[in-house]
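S.K.: quick one, fold the following:
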Amino acid sequence: MKFGSVFNPRGVLEINYKISSMDAYQNVLYTGDEKGTLYRYQLQPDQAMIIQANQAQSKSLTKSRIDQIKVFPQANSNLLVLSDQTLFFVEEKTLKGDQISKEKVSLFALNEFSKINQFEIVIVTKKKEGFILQYNQKAGKFECLRERFLLPDIPVTITFIGNLFYFGISKKNYSVINLDDKQLQVANLIMDIGNNPYLKATDNDEILIITTNNIGIFIGKDGQMKQKSTIQIQNKSIQIITIFKQYLIVLFDNLIQVFNLLDSKPMSDIQLSSSAKCITQTSNHLFYGSSTEIIYLYQTPPEQQIQDLLKQGKVEDALQVFQQYNQNSDASKNQQLEQLKLDCGWALIRQMQFQNSLNYILQTNFEPRDFICLFPDYYYAVEKLESVNPNPSQNTISLIINKYVQEYNKGDPKKSQELKQQARDFLIEILEKKRAGLTTAQYAYSMKDKLTLLTSSQIYNQNQWHAIPCEQLLELIDFALIKAYLEALQLPKLKNFLSCNQIYCLSMYAELQAIFQNNKAIEQQQGILARFYESFNKIDLSLEVWRTIGGDSLNQQVQQEACEETTRILKQNPDKNRIFKFILWVLKKQFKTGIQIFYVSESIITPDQMLKFLDEQEMEQDLKKKLKEKYLEVLVLEKQTEEERFHTQLAYSYIDSLFNIYPKDMSPSQIDMKKNQIALEIYQSLKKFLKNPNAKYNSSSILEKKVKDSWMIGEVILLYGREKRHEEALSQLLNLGYYDWAEKYCCEYTDNLLTKLFKKYKELYFFLEGKQKERPTDQQIFLTFNQVKITINNFMKKYATHSQLNALEVLEMIPENWILADQGEDDGLFQFLNSVISHTLHQKRSTKAAFHLSDMDLLNVECLNASTKQANVRITSEKKCAVCSRSIGEKVFVVYPNAVIAHHTCIKSNTVCPQTDKDFEKYFKM
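M.R.: This is a model prediction of the structure:
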């Protein structure tokens, strides 16, 4: 027998005869031998040896082998016994038997699982005939029922269920006869009969059929396969198949196979010490007989089966046993299953199967202290564990592994070391998962919550733990993880752990610091040491380490990391003195990284302090200027400071940078920004800033001190406009001949500038006209004068009706000697007058029409108001309240202008109609 078997021997009765068949009912066991003798044993279930040899009762029935015994419960538990091709009906107490039929009988079967046909048996004779007998309880004998039916051959296996008789003929096929069919025709089943044919009814609508290669298939009485898994029986000659509770039991010569009928899964294989002949069962007991003994098989409780399997590390078998005994799904089953999975994990630890163990343990809400206490080097003090036991680490992982290696590997030190490394990696992974569970937001554990976690019954130290707060448990986990990472040299994991987590073991800093400082691997990766200091709130120590790394390393990637980490730490722990102490080397090494510090709140470092700091540092002037400019950009454009001086300083900085590239006195025609990308970017930034309506710079200061009389014409014009110095802007544009620009400039403002521009055009016209008269041969003056005339002509046509042009003022300014032509290049004045007159007439008509429409609207409203006020309502006995639909009667009521009536007690407002929600108070105010 094996540990974990469903059945185990509990009692053995030696016999002095060769057993050939057996059956049992309630507390009585019947056996038959090779010489035709029948035996009766009274069972004593309360004793370990439930079969008493001295109480055996025997009776010789024939002189031939007893082939089959079957208790017939419906016939007062008397027996049906087949011996020497004769079927006897045997009285169960006296064992006296009478022959039922004179026919030579090959096989018989009771009608199983049938309430209607439960008194029937089927008999197969040597003549290949079959017939049904029914037991008459009143007469106490069997009577023939229905006609006989012929069979193709004598079957080797039969079963009788309801009105159906199934049989199998060796090397041919399985067949069925419907006994309600008058013709009693044989119908062949499509299942292959195989080499070991066997039929067994398993319930009132299910039959097990053994086919090729001893595969068991379940079919219904309709002949269709059941939606149920097949059973794979060992490919041996089958002695007997029987049903015991939820088990299907298959008996071979020296083996018993046990299956679960519910899911067809194998439960256990029981090797027998001697050749088995027969097997039977009562409702609670199972027996099998060999040539020299009768063995009582005790059904092992499922809890014991599970424990036996766990000791062998057969966790899947243990889980299968649990599932087969716990088919219902409820809360208690889920709790038991979780406990079992944890036990499975610990069972696999015994077998040194750490990775497999992890798969089971992580499915439970396990207690991490069970595992930490196996590693005494990984916890700070015994008191921290809060164990009920004074010494929670009596059995450490080293002792467990040494014992295992001594037993299975002859004490091989290499194997021992290998297993210890696996155990440490196992601890790391299991603590990582538990930590993630305790700190993940979805679990919502409060750090002060006391946690009661699951402890296995299989653990080595059998610990009991006091419930401790989540924070204290995380302290234990963090300390163990840091030490394990260091010992295992899992530095990438340690780096990630220190970088991404809040550390809970801050009180253990001193011990961990000594370990870090003495670790040779950490000497090669100082970045991990820096992260350790930061995690334990030793910020300045961390920054010192990063500064050393960034200053000493020639590796660009390492240097970049040092700069990024320094900047990040300073931003997360903002302090003015700390920033000024540690940011300078970053600004020099990695400009783009260092400038992130400019985003620190002004409550930590004021703008003046930051600018003064940058001014005072020893660095290249270009870098210093670049840093100041970037800080001003952050301050003005991103932080959006309101102080004018910083806005103005930013503009100064842009302009000074541009004048360093292109000097102030250069001609605009000499400058090509596309040839200098740096200048182009600065210039674009300046233009964008100056055009920003939210910019608070001092435009007058910039204009007078920086850009006036420079090549920055566009910026000069923009600043003139911002200062409302339009006359100067227009004068400069006209002097430069930028007539279109001047007109566009006028259209961008609302100060009637087009009228002023026309005035300047007129002055320019007369000025050039005088010049031309003075020097009639000067070609340049002639061309300029013609250009001005064309410009004025086009201006008058284009802006005649523009809102920024006062037509009356322009008319007064037009000289009397200007030609009024309706065609040609001098048609501007004509077009201007035509447009002005037409536009003025249109405005006059529109104004008059609007006046009359407004007057009509006023009359309509007054008429409607008067009509509404004259509205009246006639009150009769049929008038009903608009709210409650009851008669108005003699109650106080309210009448609304739209003739709606309601009881005064029903309404919510005197002015709002309860039917339409119209507010008449607002309506009449309109």
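S.K.: name the nearest residue to residue 466, sequence neighbours excluded.
M.R.: Nearest residue to residue 466, sequence neighbours excluded (CB to CB, 6 or more residues apart in numbering): residue 386, at 4.2 Å. Placement of C-beta: from N, CA and C, glycine included.
S.K.: then residue 453?
M.R.: Distances taken as CB to CB, 6+ apart place residue 367 nearest to residue 453, at 3.9 Å, with adjacent residues excluded.
S.K.: wait, that neighbour sits on residue 464?
M.R.: No - counting by CB atoms under 8 Å, residue 367 sits too far from residue 464 to count as a contact (10.0 Å).
S.K.: so these two - more neighbours on which side?
M.R.: Using other CB atoms under 10 Å, the more surrounded residue of residue 367 and residue 464 is residue 367, with 22 against 11.
S.K.: contact partners for that one?
M.R.: 453, 454, 455, 465 (CB atoms under 8 Å, 6 or more residues apart in numbering).
S.K.: check contacts around the first one.
M.R.: Pointing back at residue 453 there. Residue 453 sits in contact with 365, 366, 367, 368, 465, where contact means CB under 8 Å, 6+ apart.
S.K.: can you tell me which of these are buried?
M.R.: 366, 367, 368, 465 (16 or more other CB atoms under 10 Å).
S.K.: partner residues bridging the last one?
M.R.: In this case it means residue 465. residue 387 (DSSP bridges).
S.K.: pLDDT score assigned to it?
M.R.: Here the pLDDT value assigned to residue 465 is 86.
S.K.: returning to that earlier point: mutual contacts of residue 367 and residue 464, please.
M.R.: Residues touching both residue 367 and residue 464 (CB under 8 Å, 6+ apart): residue 455.
S.K.: kindly export stretch 720-738 (C-alpha atoms) in PDB.
M.R.: What follows is stretch 720-738, C-alpha atoms only, in PDB (Å, rounded to 0.1, in the frame of the first residue of the first chain):
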ATOM      1  CA  TYR A 720       6.300 102.300 -31.400                       C
ATOM      2  CA  GLY A 721       2.800 100.800 -31.700                       C
ATOM      3  CA  ARG A 722       2.900  99.400 -28.200                       C
ATOM      4  CA  GLU A 723       3.800 102.900 -26.900                       C
ATOM      5  CA  LYS A 724       1.100 104.500 -29.100                       C
ATOM      6  CA  ARG A 725       3.800 106.500 -30.900                       C
ATOM      7  CA  HIS A 726       2.000 106.000 -34.200                       C
ATOM      8  CA  GLU A 727       3.300 109.300 -35.800                       C
ATOM      9  CA  GLU A 728       6.900 108.200 -35.400                       C
ATOM     10  CA  ALA A 729       6.200 104.700 -36.600                       C
ATOM     11  CA  LEU A 730       4.400 106.000 -39.800                       C
ATOM     12  CA  SER A 731       7.100 108.500 -40.400                       C
ATOM     13  CA  GLN A 732       9.900 105.900 -40.300                       C
ATOM     14  CA  LEU A 733       8.000 103.500 -42.500                       C
ATOM     15  CA  LEU A 734       7.300 106.300 -45.100                       C
ATOM     16  CA  ASN A 735      10.900 107.400 -45.000                       C
ATOM     17  CA  LEU A 736      11.900 103.900 -45.800                       C
ATOM     18  CA  GLY A 737       9.300 103.600 -48.500                       C
ATOM     19  CA  TYR A 738       7.400 100.800 -46.800                       C
END
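S.K.: which residues sit against it?
M.R.: 699-700, 703, 713, 716-717, 739, 741-742, 745-746, 748-749, 751, 753, 756-757, 760-761, 764, 784, 787.
S.K.: which of those residues fall within strands?
M.R.: In strands, judged by DSSP state E, none of these are found.
S.K.: buried members of those residues into PyMOL, please.
M.R.: This is the PyMOL syntax for the buried subset of these, where burial follows 16+ other CB under 10 Å:
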select buried, resi 699+703+716+717+739+741+742+745+746+753+756+757+761+764+784
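S.K.: if I look at residue 262, how far off is residue 231?
M.R.: In this structure, residue 262 and residue 231 are 12 Å apart, going by CB to CB, to the nearest Å.
S.K.: with residue 651 instead?
M.R.: Noted for residue 651: a distance of 90 Å to residue 231, by CB to CB.
S.K.: next, give me the two most distant ones among the contacts of residue 367.
M.R.: Using CB to CB, the two most remote members of the contacts of residue 367 are 454 and 465, lying 10.8 Å apart.
S.K.: for burial, what's the neighbour tally of the closest residue to residue 235 other than its chain neighbours?
M.R.: Nearest residue to residue 235, sequence neighbours excluded (CB to CB, 6+ apart): residue 214, at 4.8 Å. Neighbours of residue 214 under the rule other CB under 10 Å: 21.
S.K.: likewise for residue 250?
M.R.: Neighbour tally, residue 250, other CB under 10 Å: 27.
S.K.: three-state assignment of it?
M.R.: strand (DSSP: H, G, I helix; E, B strand; the rest coil).
S.K.: I'd guessed it sits against residue 256; true?
M.R.: Yes - using CB under 8 Å, residue 250 is in contact with residue 256, at 7.1 Å.
S.K.: show me the contacts for the residue nearest to residue 235.
M.R.: 194, 196, 232, 233, 234, 235, 236, 238.
S.K.: narrow the residues you listed to those that are buried.
M.R.: Among the contacts of residue 214, those scoring as buried are 194, 196, 233, 238 (criterion: 16+ other CB under 10 Å).
S.K.: which of the residues you listed lies closest to residue 102?
M.R.: residue 238 (31.7 Å).
S.K.: wait, doesn't that closest one sit right on residue 249?
M.R.: No - using CB under 8 Å, residue 238 makes no contact with residue 249, being 11.1 Å away.
S.K.: for the chain, what's the longest strand?
M.R.: Secondary structure assigned by DSSP E gives strand 141-150 as the longest strand of the chain.
S.K.: now for the next helix or strand after it, which elements pack on it?
M.R.: Following strand 141-150 in sequence order, the next helix or strand is strand 157-161 (DSSP states H and E). For strand 157-161, the elements it packs on are strand 105-112, strand 120-125, strand 164-168, strand 198-203, judged by 3 or more CB pairs under 8 Å, 6 or more residues apart in numbering; DSSP states H and E.
S.K.: kind regards, and thank you for your time.
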